[in-house]
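A.B. asks: I'll drop the sequence and a predicted model, then ask my questions.
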Amino acid sequence: MAADTSLAPDTGYVAGEVVDPLSHANRLMRVTIGLIGGVAAIIVGLMVLTDVNAGYRVLLTVGGLVLLFLAIDSAGKLIRGPLFETGLWLSVVWVAIVGLSAAFADFLPISEAKDASATIFDGTPTLKRPDLLSAHPLGTDRQALDVLGGIIYGARVSLQVSVLAVAIGILVGGTIGVIAGFFRGRLDTGVGVLTDSMLAFPPLILLLALASVMDRSPRNMAIALAILGIPTYIRLARVNTMVFAEREFVLASRAMGSSRRRIIFKELVPNVALPIFSYAFIIIAVLIVAEASLSFLGLGIQRPDPTWGNMIAAGQDDFDRHPHLVFAPGIAMFLTVFALNRVGEKARELWDPRQANL
Amino acid sequence: MLRVIGLKLVRLVPVLFLVSLATFFLIDLIPGDPAVNMLGADATREEYEAVNKLLGLDKPITDRYVDWLSNAVVGDLGHSLRLPNEPVSDLLQRSVGPTLRLSAMALGMAFVIAIFLGVWSAQAAGTRVDRLVSGTMFGFISVPTFLAGLLFIFFFVFRESIPRWLWLIGVGLIVLRLAYLAISRLAEDSADVSGWLGYAIATFVVAGLLFWVFVQWPDFPRTASHRYDDNWREQIRSLFLPALALALSEIAVFTRLLRADMLSTLQEQFVLSSRAKGMPVWRILFRDALRPSSFSLITVAGITLGRLIGGTVIIETIFGLEGLGKLIVGTGVIPKNYTIVQGGVLVLAVGYVLLNAIIDISYQYLDPRIRRGRV
């Protein structure tokens, strides 16, 4: 047993009983200190020391966040056992927060974030610094539009566009992939050449080419992003179909005289769907970045609709003096992409039986 | 062997054909009349006709494609639709250089850093260092390139004292750690010179080198404007930040890949026998284990070139570098100068396909195990 534990990698994926390296009392202490210290540091950093150098406040707040993370980590391991994946659960929580606030943005008490003509006369200060206790928690931009509101409406656009794109991609790419993987032969070769040609364009370059010829509406953006994702889905579906088509239950179904349609819809599609869906999170993350990159270049969705990309692009002009215009949407985007990647990696681990061979 | 290469090349033909087709008919995707779309509503009739002629829109569709392709094959990609109507190939030729330099530097940096980090974290698998590196790499993957570029500008240009002092602190910690190792070995057994001398030398070398960087901290320019008479030091200095921003996600991908492959190589018998012979750790890692672990790294490097090319577009725009990406966006897409978009996209796509084919073929030579594999 002793030899076993010393050889096992310290990744938490060891079979059987796993012993928490820290004692119960130690964990409890960490939870208490982390919670109290972390919350205190965050409150002092963000709300109390309002006229101290921003660098120190950021440092204090980040320190508080680290303490808070350690406390949550210990609390999770106390309650759910030492295999608790804190980062994963925090990622799930973050994705949920972003998704919900984007969905219910219209009901949230956020200040004007879209219409610059509304903020001209009502005395909203322009380029206000972030202050968590005010009506503009993350400050305002050059046109006195609320940055937090922009981030939330931007999340709505980003999520709508990329989720729609992934849905189209799964539907179109999945169908083509399953058909190519099932029938093989010449059809498969043709599909292979088609996907190879689509993948021959570097992703952002393909988007640029599409952006140069189409209207920049969210709907067109979703279609363009879907075109970006389709070859990946074709390959995924094709390869998974080929793997499952070799299995005994398909042979059994064939032997019982099932029609091709029945084999595809009853035997293959339900099995192929799960590994394909498991990639959805990661592809959504990729598409969010692609959409933001395009908006950043000024070729995506335009103001007055705020997106993370066009907010950052507008803020970069003098972000030496007003860094919050870049950092606030930037951090929101980073956290979202990070959380989606983290969740996606877990989803693949759980649902894609052959992720290692891709 | 030749047959395998031949088959791969034959497969390229339909792909390149479809690529050219797609690039060419991009213009036909434009809703409405391209000339009106480009010139706006208040141009004269002659101007519209001039643009239509430049685009060849007055001819039937098949003629247009055949004309365009036969010209493109000999390097004539048409003329810019905006004054002074320069040939597209001239514009492309002028901007290829900066893009190549930028990508080469980014790839080089990514390889050096990733090999170091990947080998180190594989060697230290499961330790705190390994987890820190893995976590950081996961974070790097999630940083969009344009954000990385802006972050570097903010910290290295606007707040340059922050990274400088962070560097000093980090370096100090590493040097202290090395010194601690050297001293503890010395205290353990001072007669065993080979045990501590290496660490002692490493301490001084690392300390000296890293402190020198702190003193010499370069003044990074906000824009990487690139003059050809600049000496190589100037070029490296002005390309350092853009290349690092571009390399960030590649570093993460390469490191994760190399770490995984390295972990499985380190389980092999020949590594065990090397260890048993008492070879020093660095020799086992870099001489024995690195080469067999690097094959998938090379393949993936080919695949990530696509992202790298996309990244150069953004990085060139942020840092004001007159490269291919800036040409396509600034002179092509934004003013709806379709011939430049076409030419640029075609060159990038064909280059990307050919590079991947070369990597694919050279891979056959590098790794004998896959020579007889399915094409």
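C.D. replies: The structure has been received and is ready for your questions. Computed from a predicted structure; not experimentally measured.
A.B. asks: pLDDT weak spots in the chain?
C.D. replies: No chain in the question, so chain A it is. In the predicted model of chain A, residues A:1-18, A:119-120, A:353-358 satisfy pLDDT under 70.
A.B. asks: meant chain B, my bad for not saying
C.D. replies: Chain B contains residues with pLDDT under 70 at B:1, B:32, B:83, B:195, B:225-230, B:364, B:366-375.
A.B. asks: residue in it nearest to chain A?
C.D. replies: Nearest residue of chain B to chain A (Cβ to the nearest Cβ) works out as B:G310 at 2.9 Å. C-beta coordinates here come from the backbone N, C-alpha and C atoms, glycine included.
A.B. asks: top helix in chain A by residue count?
C.D. replies: Longest helix in chain A, counting residues (DSSP state H): helix A:147-183.
A.B. asks: Give the next helix or strand downstream of it.
C.D. replies: Downstream of helix A:147-183, the next assigned helix or strand under DSSP states H and E is helix A:185-199.
A.B. asks: helices or strands next to that following helix in the packing?
C.D. replies: On a contact count with 3 or more Cβ pairs under 8 Å, 6 or more residues apart in numbering or on different chains; DSSP states H and E, helix A:185-199 meets helix A:147-183, helix A:218-245, helix B:2-24.
A.B. asks: Could you export the last one as PDB, CA atoms only?
C.D. replies: Read that as helix B:2-24. C-alpha atoms of helix B:2-24 as PDB (Å, rounded to 0.1, in the frame of the first residue of the first chain):
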ATOM      1  CA  LEU B   2       8.300   8.300 -52.200                       C
ATOM      2  CA  ARG B   3       4.900   6.800 -52.800                       C
ATOM      3  CA  VAL B   4       3.700   8.100 -49.400                       C
ATOM      4  CA  ILE B   5       5.000  11.500 -50.200                       C
ATOM      5  CA  GLY B   6       3.500  11.400 -53.600                       C
ATOM      6  CA  LEU B   7       0.100  10.500 -52.200                       C
ATOM      7  CA  LYS B   8       0.200  13.300 -49.800                       C
ATOM      8  CA  LEU B   9       1.100  15.800 -52.600                       C
ATOM      9  CA  VAL B  10      -1.800  14.400 -54.700                       C
ATOM     10  CA  ARG B  11      -4.200  15.100 -51.800                       C
ATOM     11  CA  LEU B  12      -3.000  18.700 -51.800                       C
ATOM     12  CA  VAL B  13      -4.200  19.400 -55.300                       C
ATOM     13  CA  PRO B  14      -8.000  19.300 -54.700                       C
ATOM     14  CA  VAL B  15      -7.500  21.200 -51.400                       C
ATOM     15  CA  LEU B  16      -5.600  24.000 -53.100                       C
ATOM     16  CA  PHE B  17      -8.200  24.000 -55.900                       C
ATOM     17  CA  LEU B  18     -11.000  24.500 -53.500                       C
ATOM     18  CA  VAL B  19      -9.100  27.100 -51.600                       C
ATOM     19  CA  SER B  20      -8.600  29.100 -54.700                       C
ATOM     20  CA  LEU B  21     -12.200  28.700 -55.700                       C
ATOM     21  CA  ALA B  22     -13.400  29.900 -52.300                       C
ATOM     22  CA  THR B  23     -11.100  32.800 -52.200                       C
ATOM     23  CA  PHE B  24     -12.000  33.900 -55.700                       C
END
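A.B. asks: After it, which helix or strand is next?
C.D. replies: helix B:34-39.
A.B. asks: any residues touching the helix or strand following that following helix, and which ones?
C.D. replies: Using DSSP H and E, the helix or strand that follows helix B:34-39 in sequence is helix B:45-55. Outside of helix B:45-55, the residues within contact range by Cβ atoms under 8 Å, 6 or more residues apart in numbering or on different chains are B:27, B:34-36, B:38-39, B:58, B:78-79, B:81, B:85, B:338-339.
A.B. asks: and what of stretch B:108-122?
C.D. replies: By Cβ under 8 Å, 6+ apart, stretch B:108-122 touches B:129-130, B:133-134, B:137, B:243-244, B:247, B:250-251, B:254-259, B:262-263, B:266, B:285-286, B:289-290, B:297, B:301.
A.B. asks: next one: stretch A:102-118
C.D. replies: Stretch A:102-118 has contacts (Cβ under 8 Å, 6+ apart) with A:101, A:119, A:124, A:135-136, A:140, A:143-150, A:152-153, A:155-156, A:159-160, A:304-306.
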